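[1] what follows is a predicted structure for the sequence shown.
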Amino acid sequence: MEELTAEERRVLGCLVEKEATTPEQYPLSLNALVLACNQSTNREPVVVHEPDTVIDALSSLRERKLTRVMHPAHGRVTKYRHVLDEVWALTREELAVVAVLLLRGPQTLNELRTRTERYGGDPADLGGTEGILDRLAARPEPLVVRIERRPGQREERWASLLGGSLEWEEPSAAAGGGSRRGRIDELEATVAELRSEVDELRADLADLRVRLGDLLGP
C-alpha cells in the first residue's frame, strides 16, 4: 500500500474522527477541517497547517480516491468526506483504530482501547480492540503492524502502515498520571469540537444572510 504524507494522514484521520464524534457537522468545510488538523488535543504531533496545505492534501487524497468533494445543492460551502469504509471495506470500529493511529502515532493496546471509545461502535463484536488490530494486520495489504516491546518500554504497541515513523517513546512520568491526563484531554477535545461547531454555525449564518439579501433585493 502506498504511503501517505504527514499532511495526508492528518487530514484523513481528522475526517474519520469528526464523522464519528461530531456527525452533525460532517462532511467538513475547509475551515472546519483546518481547525481539526490544528487541534492541540488528541494529536501527536501538534501542527499548524495553513488552508493551502490542507487543500493540497485533499487534492492528493482525492486522486488516490480516498476522499470526495461535496457540493451542497442549496449552499455556498464546499465540504469534504472520506471514503475509507468503501475503498478499504472497513467497519466503524476498524476506522476508529485507524484514525487514532493516524492522528497520534504508535499506541499501546490500552491506549487504543481508551482513545477509540469516543468514536462509538461496539468493538466486542469484532473480538475487542485486539481482535480489530489482528484483522487489520492480517489483511492482504496490512494497515497496521505490531511493534515488539523494546528495552525500557512497558508494553508493545501498534502503528499505522500508511506512512510515518514507527518509533515511539514511553511517556514521561513527569507528565502526570495517565487517568488525569486522559480526563484533561477529553475536556480539551470537547472544547475544541465546540469551537469548531461555533465556527460552522457562523459560516452557515453568513450564508443565510447572503441568501436572504438576494431574496429581499435592494
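    Thanks, I have it.

[2] what about the strands in this protein?
    28-29, 67-70, 79-82, 107-108, 144-147, 157-160 (DSSP state E).

[3] now render the ones you listed as TSV, adding distance to residue 125.
    Yep, even glycine has a C-beta here, placed from its N, CA and C like the rest. Listed next are the strands of the chain as TSV, based on distance: least, CB to CB, whole Å:
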stretch	distance to residue 125
strand 28-29	28
strand 67-70	27
strand 79-82	22
strand 107-108	21
strand 144-147	19
strand 157-160	20
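
[4] save those as TSV, and put in mean neighbour count, mean pLDDT and distance to residue 114 too.
    Compiled in TSV, the strands of the chain are given as follows (neighbours: other CB atoms under 10 Å; pLDDT from 0 to 100; distance: least, CB to CB, whole Å):
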stretch	mean neighbour count	mean pLDDT	distance to residue 114
strand 28-29	22	96	25
strand 67-70	16	96	28
strand 79-82	21	98	23
strand 107-108	22	95	9
strand 144-147	18	95	17
strand 157-160	23	95	13
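
[5] closest one to residue 97 among those strands?
    When the strands of the chain are ranked by proximity to residue 97, the top entry is strand 144-147, at 7.3 Å, counting by CB to CB.

[6] can you show me the CA trace of the closest one as PDB?
    The C-alpha coordinates for strand 144-147 follow below in PDB (Å, rounded to 0.1, in the frame of the first residue of the first chain):
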ATOM      1  CA  VAL A 144      -1.300  -1.800  11.000                       C
ATOM      2  CA  VAL A 145       1.800  -3.500  12.400                       C
ATOM      3  CA  ARG A 146       2.600  -4.800  15.900                       C
ATOM      4  CA  ILE A 147       5.900  -3.300  17.300                       C
END
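
[7] cool, thanks, talk later.
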